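1. Build me a structure from this.
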Amino acid sequence: MLRLAMRRLPTSSGVPTAARARVRQLRLTTPLTYGAAPCLNRLLCTTRRLRSQFEPLRPPSPSSLGAPRVARSFHRTRKWGRRFLIMSALFGAVYVADRQLYASGMARSFNTFGLGLLVAADYKLNFRPHPLPIIGNAGGIPELHRRNAERLFDLLRHNGGLYLKIGQAVAMQSAVMPPEFQKMFSRMFDDAPQDEWEDVERVIRDDFGGKSVEEVFGVSFAGIEGKGVMEKIARASASVAQVHWARLPDGREVAIKIQKPEIAKQIGWDLWSFKVVTWVYTKWFDLPLYSMVPYISERLMLETDFENEAKNSETMRALINDEPSLRGRVYVPPVYHELSSKRVLTTEWIEGVRLWDKDAMTGPWYGGHGKASAGVHGQKLDSPNMDAIRDGLRENPYDQKLKPERMEWKGRNGKGGLGLSTKEVMTTMVDLFAAQIFKWGVVHCDPHPGNIFIRRLPNGKPELVLIDHGLYVYMSDKFRREYGVFWKSLMTFDNKKIVEITKEWGIKAADLFASATLLRPYEGGDKEFHKMLENMDDKTASERSFEMQQRMKQGIREVLADEDKWPKELIFIGRNMRIVQGNNQYLGSPVNRVKMMGEWASRSLFEDRNLPLRDRVINVWRHLLFRVVLSLTDIAFYFFKMRQWLGQGGGMEDEVEARMKSVAKEFGVELQHDVFEG
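-> Numbering: from 1, shown residues only. You can find the predicted model right below:
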């Protein structure tokens, strides 16, 4: 290459002859190896670069590489990688097993624990008259209640199932809950989402030995002649079950209540979570709540057993039919046991108006003189046009609107109603539930408006239909009589007897418990709680609210002072009375509920055949005197009724509500009893 470069250099290039001679000398004396001599000029450097481009690659010698080093093994990375894969596989397996075996029961429980601890910590830190610096909220206690009500509402709605039942129970207990909770939880009465038809079929197959829906109920979804029909879309959906309409081959129209398949898988985990969270709150907030958990859990467990619901329904049906004052006024649909199981309950289909539909209940009757609404006293419903229904199914097997609506009584303009009196409706309702509590000791504990239908009898009177018999309380004879005496004593201000009975039940705060029972301020007693309100004028509103709620907490402790003696039935009896009171207020307070309850309490004491004859005779005389006392309450009732007619105020129930709210507000509690509105 050097020779070639020299050959190409022209003599006229300006390169000195001495330099050319020096290059020739280097070519002759220097080995042609890369880097063997320094670059003498730019031409030589260029020549070497050209040469290096064409020289073959030579590997370095072993000595030039230095001493060998140990290869990196990455033990820690591989160890944590294996752990990550194992834990991922484990959590994945648990997640799949939880979804398949427990319908995400474990995940729901963990969500409950996490949120429960968050809420508890929030209250521990921020339930104080003055917010903490930095972490405190300027909204104070109301904002504390609002955000935690929102958190709990989202949890209960997301979890569904029994959690919705708990939310509905919270919505009714306004006596011990802040208003922010009441406003949030009142939305719990909305219909729950319904399950897919495939889930319904699976439940029926499991409970009826593998038989299909068509085989069990004799229906056809393809319009086969001689078969019945059934709607695949539920007519109603609640937290535990959903209800489908069907017409059997023999012409009976039935309501098929089918439990949601996830309930059986979730209930164990849900009740366990309920127990754990209640135990934590009992210890953390020093409230005697945990002793109620076993009884409440037992009631909730029974509510998911439809065989138990069928038994309750038949028991109530028999009691009503044996009671002359209620026979013909109240109806319980019969259960078809051959079509029922532990998770499927088939009863007579009820055509009627829900209690919350005041317009339909009181609107003018266009059904004809001397005629009744469909199905009264269990009469067979008029047959729909089955040929047209079957033809429609043949053309469109997915048609799900099969049941006739039977709205002729609304008239051509659709604005008619049953033409009933709200006073007669509420009289029947109060009579029914007072008889359950004071006479029979068998109490339906979920009488909200969705579980009560109203129909019109041929004489223009109302017929009340009671459904959903899952949640019941059975009172002992001893406790039933004590409760009757207690209620009667409330009406006559027999404070000595009230204290005696409440002491027997392990209750110290007799006045507070009396007010909670009456659902109005109790005017007798020593007014111990009113005395506690003295000397509070010098405190700020926030400090007063904080101290009052602390005292209410103490009041709850005193009501539940002796957990072993405290009758657990009071939990659900109080719920029953609270809902009945809400129903009366919703309809405009048409009846004197307190007086009617007192009359039933007194009557039950002399009509009780288990008492000795001498005691019954004494109770008859006391009942006559008691009725004289009760007649005085009519003066107040009609006074408020007159004001209501004149547009000067609400009815007696509204006035009682206002007074109860006023007293409760002094204790730091704002009652919200309008949970049925809307």
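
2. Which helix or which strand is home to Arg108?
-> Using DSSP states H and E, Arg108 sits within helix 105-126.

3. Which positions in that helix come out as buried?
-> 105-109, 112, 115-116, 119-120, 122-123, 126 (16 or more other CB atoms under 10 Å). Where C-beta positions appear, they are placed from N, C-alpha and C, glycine not excepted.

4. And the helix or strand that that helix is followed by, what does it pack against?
-> Toward the C-terminus, helix 105-126 is succeeded by helix 140-159 as the next helix or strand (DSSP H and E). For helix 140-159, the packing partners by 3 or more CB pairs under 8 Å, 6 or more residues apart in numbering; DSSP states H and E come out as helix 105-126, helix 162-172, helix 179-185, helix 541-559.

5. now helix 140-159 against helix 105-126, angle please.
-> 180 degrees (axes from the mean of the first three to the mean of the last three CA atoms, to 10 degrees).

6. Can you point out the buried residues in helix 140-159?
-> Buried residues in helix 140-159 (16+ other CB under 10 Å): 140-141, 144-149, 151-153, 155-157, 159.

7. Could you check how far it is from the centre of its chain?
-> Relative to its parent chain, helix 140-159 has a centroid offset of 13 Å by CA atoms, centre = their mean, to the nearest Å.

8. now it: mean pLDDT?
-> On average, the pLDDT along helix 140-159 is 80.

9. Same check on stretch 449-459?
-> 92.

10. outside of it, which residues touch it?
-> Residues outside stretch 449-459 that contact it (CB atoms under 8 Å, 6 or more residues apart in numbering): 189, 328, 331, 350-356, 361, 365, 367, 370-377, 409, 418-420, 425, 429, 462-468, 583, 586, 676.

11. shaky segments in the stretch 151-300 of the chain?
-> 166-180, 182-191, 285 (pLDDT under 70).

12. If we ignore the residues flanking it in sequence, what's nearest the residue positioned nearest the centre of the chain?
-> Residue closest to the mean C-alpha point of the chain, counted by CA atoms, centre = their mean, is Leu164 at 1.4 Å. Leaving aside its sequence neighbours, Leu164 sits nearest to Ser239 (CB to CB, 6 or more residues apart in numbering; 3.5 Å).

13. sec struct for the one you found, please.
-> Using DSSP: H, G, I helix; E, B strand; the rest coil, the structure places Ser239 in coil.

14. and it, how far is that from Trp245?
-> 20 Å (CB to CB, to the nearest Å).

15. What of Ser212?
-> Distance from Ser212 to Trp245, by CB to CB: 18 Å.

16. So between the two, which is more surrounded?
-> Taking other CB atoms under 10 Å, Ser212 and Trp245 do not tie; Trp245 has more neighbours (19 against 12).

17. Assess the claim that that one and Arg235 are in contact.
-> Yes. Trp245 is in contact with Arg235 according to CB atoms under 8 Å; the separation is 5.4 Å.

18. intersection of neighbour lists for these two?
-> Taking CB under 8 Å, 6+ apart as the criterion, Trp245 and Arg235 both touch Ala255, Lys403.

19. chain center to the helix holding Arg108, what's the gap?
-> 17 Å.

20. What is the least confident helix or strand in this structure?
-> The weakest-scoring helix or strand in the chain, judged by mean pLDDT, DSSP states H and E, is helix 2-8 (a mean of 46).

21. For this protein, just list every one of the strands.
-> All strands of the chain, identified by DSSP state E, fall at 229-230, 236-237, 241-247, 253-259, 330-331, 344-348, 353-354, 442-444, 452-456, 462-466, 472-474.

22. of those, which approaches Asp286 most closely?
-> Closest approach to Asp286 among the strands of the chain is made by strand 472-474 (28.0 Å; CB to CB).

23. Counting by contacts, list what that closest one packs against.
-> strand 442-444, helix 569-586.

24. chain center to stretch 484-497: distance?
-> Per CA atoms, centre = their mean, the centroid offset for stretch 484-497 relative to its chain is 35 Å.

25. Stretch 454-468: how far from the chain's middle?
-> 29 Å.

26. Enumerate the positions of it that are buried.
-> Ile454, Arg455, Arg456, Leu457, Gly460, Pro462, Glu463, Leu464, Val465, Leu466, Ile467, Asp468.

27. Please report how far the third one lies from Ala374.
-> In other words, Arg456. Distance of Arg456 to Ala374, computed by CB to CB: 10 Å.

28. same thing with the second one?
-> The gap separating Arg455 from Ala374 is 8 Å, by CB to CB.

29. Overlap of the contact sets of these two?
-> Glu351.

30. Counting neighbours, what do you get for Gly378?
-> 12.

31. my read: it touches Val332, true?
-> No. Between Gly378 and Val332 there is no contact under CB under 8 Å: 9.7 Å.

32. related to what we said a few turns ago, okay, the strands of the chain in JSON lines with distance to Asp615 next?
-> Output for the strands of the chain, formatted as JSON lines (distance: least, CB to CB, whole Å):
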{"stretch": "strand 229-230", "distance to Asp615": "55"}
{"stretch": "strand 236-237", "distance to Asp615": "46"}
{"stretch": "strand 241-247", "distance to Asp615": "44"}
{"stretch": "strand 253-259", "distance to Asp615": "43"}
{"stretch": "strand 330-331", "distance to Asp615": "29"}
{"stretch": "strand 344-348", "distance to Asp615": "40"}
{"stretch": "strand 353-354", "distance to Asp615": "43"}
{"stretch": "strand 442-444", "distance to Asp615": "23"}
{"stretch": "strand 452-456", "distance to Asp615": "35"}
{"stretch": "strand 462-466", "distance to Asp615": "32"}
{"stretch": "strand 472-474", "distance to Asp615": "23"}
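
33. ok, and for stretch 326-339, which residues are buried?
-> Result for stretch 326-339 [16+ other CB under 10 Å]: buried residues Leu326, Arg329, Val330, Tyr331, Val332, Pro333, Val335, Tyr336, Leu339.

34. wait, which of those is closest to Lys488?
-> Nearest member of these to Lys488, counting by CB to CB, is Leu326, at 21.2 Å.

35. Now for the closest residue to the closest one other than its chain neighbours: which residues touch it?
-> Leaving out its chain neighbours, the residue that sits closest to Leu326 by CB to CB, 6+ apart is Ile320, at 5.2 Å. Contacts for Ile320 were tallied using CB under 8 Å, 6+ apart; they are Leu326, Arg327, Val330, Tyr331, Val332, Leu432.

36. I'd like to know how far Gly228 sits from Asn576.
-> 37 Å.
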